[in-house]
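[1] Here is the input, now give the coordinates:
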Amino acid sequence: MLKSNRAIVIGCGVNGLTCAVKLQELGLDVTIWTKDRVERTVSMVAASVWHPYLVFPRDRVAKWAIRSYEAFTALTQHDDAGVWIADGIAIPTSPVERPGWATEAMEIKVHERSADLPAHYSFRSPIIETPTYLPWLFERFIKGGGIAMEQTVSSFDEAFEQAPIVINCAGLGAGALTGDDRVRPIKGQIVRLAAGAFDRFLFDERDPMTPTYMIPRKDDCILGGTTEPGLDDSIANEEAQIEIIARCAMFEPRVLEAEILGSLAGVRPARDEVRLEAEIVKGKGLVVHNYGHGGAGITLSIGCADEVKSIVATATQMMHTEAINGG
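    Sure, this is the predicted structure:
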């Protein structure tokens, strides 16, 4: 039975925040419970350009990614959101072909090997400036009447005492919260350079364990990266910084001359595939799990949140009907 129109979202990263805003669109009274404030989440360390790289299951990912692409493209009309469109390239594992998530708006073109580059595809994609976008999203949530509380959650029962709808966007914490041993930490490091070092994004995907990427932003440029499974510390190290710069310099020598602003590290909440599904807890309410996005959290965030919103809308209607019928 639906006891109230309250909902609790666990987690204040990009997926938690986006879900919270989407639930407000349903007229729900939403509270975020979070271990870390938004500025301390791993989402804030993300580069980030829209790119559905190394995340599964492919069919669902494609749907979530395309929806997010459309929404981020629309957000370029909001000057304060920190989203804009850039040109770039991706060098995938062979064969080079049009990706399954491609749409006409992305203007994807396949290119043969040249003197400067291996075979690759070029496309247009949103750059999401996380230091601007996440505070903008958080402010939108607060202006919508939302409340964010610093609170560690050890069980869903704690949340059900306050609300019948719980959205699990706990990231790495989802493993302990649900007993899901498929959740694992993967440490990643990026390097920040002064703005203007390059003007297009680049992904070299040929070695999944050593991804190389370059992302221009308005106030800086991002170089990446590292993939260190099992490490859950957020300490950047100089050795990784040197190695990242060297790899990126193979594509753009200008990075060797650019001012280094520093390095950042974060721990991605990885899983063999994203978990997005509803769970009815008899006599208590609804949990919607939305975690395990790895390095694609921002890329999938709006599409996943839209699906969460749809699940909640359907479930609340069912619970209202049961309440009316005395179920």
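[2] all helices for the stretch 1-150 of the chain, in order.
    Secondary structure of the stretch 1-150 of the chain (DSSP state H, counting those that start in this stretch): helices located at 14-24, 58-75, 130-143.
[3] Does residue 119 touch residue 90 like I think?
    No: using Cβ atoms under 8 Å, residue 119 makes no contact with residue 90, being 10.7 Å away. Backbone N, C-alpha and C define where each C-beta goes, glycine included.
[4] Please identify which of those two sits among more neighbours.
    Counted by other Cβ atoms under 10 Å, residue 119 and residue 90 do not tie: residue 90 has more neighbours, with 20 against 15.
[5] how near is that one to residue 211?
    11 Å (Cβ to Cβ, to the nearest Å).
[6] what do these two both touch?
    203, 205 (Cβ atoms under 8 Å, 6 or more residues apart in numbering).
[7] First residue to last residue on stretch 196-203, what's the distance there?
    Chord length of stretch 196-203, first to last residue, is 18 Å (Cα to Cα, to the nearest Å).
[8] distance between that stretch and the chain's centre?
    21 Å (Cα atoms, centre = their mean, to the nearest Å).
[9] again with stretch 225-232
    The mean C-alpha position of stretch 225-232 is separated from the chain mean by 17 Å, Cα atoms, centre = their mean.
[10] What residues of it count as buried?
    Of the residues in stretch 225-232, 225-228 count as buried by neighbour count, 16 or more other Cβ atoms under 10 Å.
[11] Repeat that for stretch 268-278.
    In stretch 268-278, counting by 16+ other Cβ under 10 Å, buried: 268-271, 274-276.
[12] just the helices in the stretch 151-300 of the chain please.
    Assigned by DSSP H, counting those that start in this stretch, the stretch 151-300 of the chain shows helices spanning 156-160, 173-178, 238-249, 297-324.
[13] possible to save those as JSON lines with distance to residue 42 and mean neighbour count?
    Output for the helices of the stretch 151-300 of the chain, formatted as JSON lines (distance: least, Cβ to Cβ, whole Å; neighbours: other Cβ atoms under 10 Å):
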{"stretch": "helix 156-160", "distance to residue 42": "22", "mean neighbour count": "18"}
{"stretch": "helix 173-178", "distance to residue 42": "11", "mean neighbour count": "19"}
{"stretch": "helix 238-249", "distance to residue 42": "17", "mean neighbour count": "17"}
{"stretch": "helix 297-324", "distance to residue 42": "8", "mean neighbour count": "20"}
